[in-house]
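S.K.: no sequence for this one, just the structure:
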């Protein structure tokens, strides 16, 4: 009954097996045969592979390195575990860009890099897409430009990078923010232009890069105010999140957590952890982090962290400490790794026991830490 | 040889004619708890070529029945567990493995269907292991840790080639969980392996010219570093 010939695998099984193989191995197996190359570049296969990889989420840590004469951004993909156990050696093994890119955002393992030209009267911005796992990079996108005089503080442009799962496209969003109106302009991966999508009410902007979560891009904004505002007089009701829905091409405003009773002394920061939107701010003595467990649901804002600077052993002589940066959160939300610029150290904070597990210094000359949810994927940075 | 079986408990009729049976239908994987699994090898009644006889002898007669003692649930009530085992027998799923003209047929007689799947090119040894897996899965359903441990041991005992053979049969039998387990294990088995190894393992013919392949290797030299050279 046993066949003497080697059994031949049907195509579905090939696909099933290969969907579990790592990106590096698959990049090598592309030269097994022409059919394998075709299969491994197929968007349907890439999506299936992404589904499998999504179970192992990692972190993409980025920071700006000032050690050499030319400061550049660096990136390093790492696991949450690896980063928590050894932050310093993790950032040592980073990829340093030779060109002066800024990281705009990361989606499904695809990184959007921002480049710019800033003249006296004229500014231009464009992007490139890069997959760190396959090391493939696209060409420059079309440029978007404007006259510097058209923009006056506090009406500044905003940028964001996100993924629309309905149309399976990656979008770069440019919020053309002028005193009279705000235009949403979008460039999709593979397009040759920027499209005008909708026009919204203008809004003094509080952050440059949008936070991507659940098919939306989010920025802190003050849509009810005009150019003559002062931060000290802003009320909590006026502080909102401008949320642009990539799927429906609509916008809405999200409110602050109910527990935020007064406007922080400094502008808060939006971050994303494990697919959830987080609001980080400080008051005079404490560092507070809220997380929106269910995106869009106001009541789902819960406090992830509320710890005093004294407890974190952060002391500053004058004014407020620089807002610490959350670099990663462990599986069970128990361990949080913070970057503290004032002390040039990583703080491993245990939320369950409310204590510092460990402190580790990092080299001077590394600033602007930021971390993104990351997954190793085969997503192509360009259309074939 | 024609064989017709009809019973009121299995609601569908299966009629087989002499010669190769070409009907292949899907078997929905049954994951219901506490399922009794009876496997019987039915001997062929025809007196055609004797080559099948050795094949028959190769097959073991497998009889796996879930008894009361193997009910590992956390039920402390003895009466409850007795009631359950009675219900189990009523909901029995029987799998009959038969050979007809050198073709192994696996019948699954269930409540709502009776399907025939043609399974060929698999050794009896592996088929037996597949059926053991199915039985063990049913038995341990709901106990994640035990199931995981069993799966790890199951896979560790198989060679890469055996896994490849087994996955084809599991695929035919629509045993989704086993296919997934074997896919992941095979993927793990080809980790860091060379292109040549993969070509041989999957039986793929290289249709790139040497120049084309060289160009690809040069352009992506980093993926060819730190791999197992064998």
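M.R.: Arrived safely. It should be emphasised that the depicted structure is a prediction, and the values quoted were computed from it without experimental measurement. Residues are numbered from 1 along each chain as shown, chains lettered A, B, ... in the order given.

S.K.: first-to-last residue distance for stretch A:112-131?
M.R.: 9 Å (CA to CA, to the nearest Å).

S.K.: buried residues in it?
M.R.: Applying a neighbour-count criterion of 16 or more other CB atoms under 10 Å in any protein chain shown, the buried positions in stretch A:112-131 are A:112, A:113, A:114, A:115, A:123, A:125, A:126, A:127, A:128, A:129, A:130, A:131. Placement of C-beta: from N, CA and C, glycine included.

S.K.: which residues are contacting it?
M.R.: A:97, A:99-106, A:109-111, A:136-149, A:159, A:161, A:170, A:172, A:174, A:187, A:189, A:377-382 (CB atoms under 8 Å, 6 or more residues apart in numbering or on different chains).

S.K.: buried members of the residues you listed into ChimeraX, please.
M.R.: Buried subset of the contacts of stretch A:112-131, written as a ChimeraX selection, criterion 16+ other CB under 10 Å:
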select /A:97,101,102,103,104,105,106,109,110,111,136,138,141,144,159,161,170,172,174,187,189,377,378,379,380,381
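
S.K.: of the buried residues of stretch A:112-131, the lowest pLDDT goes to which?
M.R.: Minimum pLDDT across the buried residues of stretch A:112-131 is recorded for residue A:123, with 90.

S.K.: so it, which of the three states?
M.R.: Classification of residue A:123 by DSSP: H, G, I helix; E, B strand; the rest coil places it in strand.

S.K.: name whatever forms a beta bridge with it.
M.R.: residue A:118, residue A:146 (DSSP bridges).

S.K.: now swap in residue A:185 and tell me
M.R.: Beta-bridge partners of residue A:185, as defined by DSSP bridges: residue A:174, residue A:196.

S.K.: hmm, it is touching residue A:171, no?
M.R.: No - between residue A:185 and residue A:171 there is no contact under CB atoms under 8 Å: 10.4 Å.

S.K.: which residues are in contact with each of these two?
M.R.: Common neighbours of residue A:185 and residue A:171, using CB under 8 Å, 6+ apart, do not exist here.

S.K.: and these two? Which one has more around it.
M.R.: residue A:171 (24 against 17; other CB atoms under 10 Å in any protein chain shown).

S.K.: please name every helix or strand in contact with the lengthiest helix in chain B.
M.R.: In chain B, taking DSSP state H as the definition, the longest helix is helix B:124-139. If contacts are counted by 3 or more CB pairs under 8 Å, 6 or more residues apart in numbering or on different chains; DSSP states H and E, helix B:124-139 sits against strand B:37-42, strand B:93-100, helix B:144-156, helix B:160-172, helix B:176-189.

S.K.: now mean pLDDT, distance to residue B:225 and mean neighbour count too, for these, in CSV please.
M.R.: What follows is the helices and strands packed on helix B:124-139, written out as CSV (pLDDT from 0 to 100; distance: least, CB to CB, whole Å; neighbours: other CB atoms under 10 Å in any protein chain shown):
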stretch, mean pLDDT, distance to residue B:225, mean neighbour count
strand B:37-42, 34, 48, 17
strand B:93-100, 50, 48, 19
helix B:144-156, 88, 28, 13
helix B:160-172, 88, 23, 21
helix B:176-189, 93, 20, 20
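
S.K.: now render those as TSV, adding distance to residue A:314.
M.R.: Formatted as TSV, these follow (distance: least, CB to CB, whole Å):
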stretch	distance to residue A:314
strand B:37-42	63
strand B:93-100	64
helix B:144-156	42
helix B:160-172	54
helix B:176-189	44
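
S.K.: which stretches of the stretch 1-150 of chain A form helices?
M.R.: A:11-18, A:23-29, A:34-40, A:43-53, A:80-85, A:87-92 (DSSP state H, counting those that start in this stretch).

S.K.: pick the most buried one from the ones you listed.
M.R.: Across those, averaging neighbours per residue (mean count of other CB atoms under 10 Å in any protein chain shown) puts helix A:23-29 on top, at a mean of 21.

S.K.: and it, what other elements does it pack with?
M.R.: Taking 3+ CB pairs under 8 Å, 6+ apart as contact, the helices and strands that helix A:23-29 lies on are helix A:34-40, helix B:195-202.

S.K.: residue A:351: which of these is closest?
M.R.: Among these, helix A:34-40 comes nearest to residue A:351, with 41.6 Å by CB to CB.

S.K.: outside of that closest one, which residues touch it?
M.R.: A:14, A:15, A:18, A:26, A:29, A:30, A:31, A:45, A:378, B:204, B:207, B:208.

S.K.: now do 7 Å
M.R.: Contacting residues not belonging to helix A:34-40 are listed as A:26, A:29, A:30, A:31, A:45, B:204, B:207, B:208 [CB atoms under 7 Å, 6 or more residues apart in numbering or on different chains].

S.K.: same thing with stretch A:167-187?
M.R.: Here stretch A:167-187 has contacts from A:104, A:107, A:110, A:112, A:127, A:141-142, A:144, A:150, A:152, A:155-164, A:188-189, A:194-203, A:205, A:210, A:217, A:227, A:244, A:246, using CB under 7 Å, 6+ apart.

S.K.: hmm, back to that, tell me the angle the longest helix of chain B makes with helix B:176-189.
M.R.: 120 degrees (axes from the mean of the first three to the mean of the last three CA atoms, to 10 degrees).
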